[in-house]
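>>> Let me see the structure of the following:
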Amino acid sequence: MSGEVPSPNDRGPGERSHVPSPETGSDEGAGAYSRGFGDGVRSALREMMAWAGRGHTPAELRIFAESRLAHLDEEVALKRRTLLSAPRAIPLENLLRLRGADSRPAFPPLLPGYTYLFLEERPQLAHRFVLESLPRLGGALGLTRLAGDLRRIAPPDRLQILDLGVESTDEPGAEPASSNVSGLTGRVQDFLASEKGPMMVYVEALDYLNTINGFESSIKFLYWVTGEIRRHHGVLLVSTVPEVFTLSQVKTLERDFNHVVKAP
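Residues are numbered from 1 along each chain as shown. Below you'll find the model as predicted:
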């Protein structure tokens, strides 16, 4: 046996070197972090440039930025889970993301000119979305058949209500409104024209309007509201029960909304 000390480079068959290379260890982590940081900055700047190019005001751009910042931790956590898990076939915007230990739903970011469709048995998630959105809005207009339930969300100065298909209503800030979609256009137009800031039109009586007016007239009404929302840089939110429509009708609805949220 020799008394020489073995060299670190003298390895037997099958043994791997423990000397770090530039592509492993901390270098690899730093590289991944740097690439992710760069991609994030580029994505944020591109989005802001796109919104500025569409003619949005500085106040609207600030709302956009604040909304994204408010949901940043959730988006980062969701991205990490996505990278660590198998790919999902369901679009991310159709998933209800979880936030914190209380598992409260985190909603898509509130953006001027965007439309949101909630498919749920009862408008519980939509009510939460309205409540969370109101601080960043100039006001909201709700089209409902349940004025009492909707009034619990916010006072009349923040949430106006059109109580559909009734001759009178006792709810403060609620007004009787026509069941005919042609009679609602003027009410919606006047509300959006108030220009108090980004305004939300919230429709939770689409199934009722569909029964009274038929699907073709109801969907044309939503198309018209969408055009007005984009023109005034407002927000459209619709909550409805998908089972009252055919599969083809649900697909038609989904195609015209920026975000679709399906209740579990």
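
>>> On the strand side of things, show who residue 260 bridges to.
residue 117 (DSSP bridges).

>>> tally of neighbours for the closest residue to residue 138 other than its chain neighbours?
Distance criterion CB to CB, 6 or more residues apart in numbering; nearest residue to residue 138, sequence neighbours excluded, is residue 197 at 2.9 Å. C-beta: built from backbone N, CA, C; applies to glycine. Neighbourhood size, residue 197 [other CB atoms under 10 Å]: 16.

>>> can you tell me how far residue 197 sits from residue 207?
30 Å (CB to CB, to the nearest Å).

>>> again with residue 148
18 Å.

>>> quick one: which of these two has more around it?
Set residue 148 next to residue 207 and count neighbours by other CB under 10 Å: residue 207 wins out with 17 against 13.

>>> Contacts only, for residue 141.
159-162, 187-188, 191, 199-202 (CB atoms under 8 Å, 6 or more residues apart in numbering).

>>> and the helix or strand encompassing it, which strands flank it?
Residue 141 belongs to strand 139-144 when assigned by DSSP states H and E. Sheet pairing of strand 139-144 (DSSP bridges) gives strand 159-164 (parallel), strand 199-203 (parallel).

>>> contact partners of the last one?
Strand 199-203 has contacts (CB under 8 Å, 6+ apart) with 126, 130, 133, 137-143, 188, 191-192, 209, 222, 225, 229, 232, 234-240.

>>> Check the first one too.
Residues from elsewhere that reach strand 159-164, judged by CB under 8 Å, 6+ apart: 130, 134, 139-145, 147, 150-151, 153, 169, 171, 173-179, 184, 187, 191, 205, 208-209.

>>> Beyond it, next helix or strand please.
Downstream of strand 159-164, the next assigned helix or strand under DSSP H and E is strand 174-177.

>>> Just the C-alpha atoms of that next one, please, in PDB.
Output in PDB follows, covering the C-alpha atoms of strand 174-177 (Å, rounded to 0.1, in the frame of the first residue of the first chain):
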ATOM      1  CA  ALA A 174     -83.700  50.100  -5.400                       C
ATOM      2  CA  GLU A 175     -86.000  51.000  -8.300                       C
ATOM      3  CA  PRO A 176     -88.600  48.900 -10.200                       C
ATOM      4  CA  ALA A 177     -87.400  48.100 -13.700                       C
END
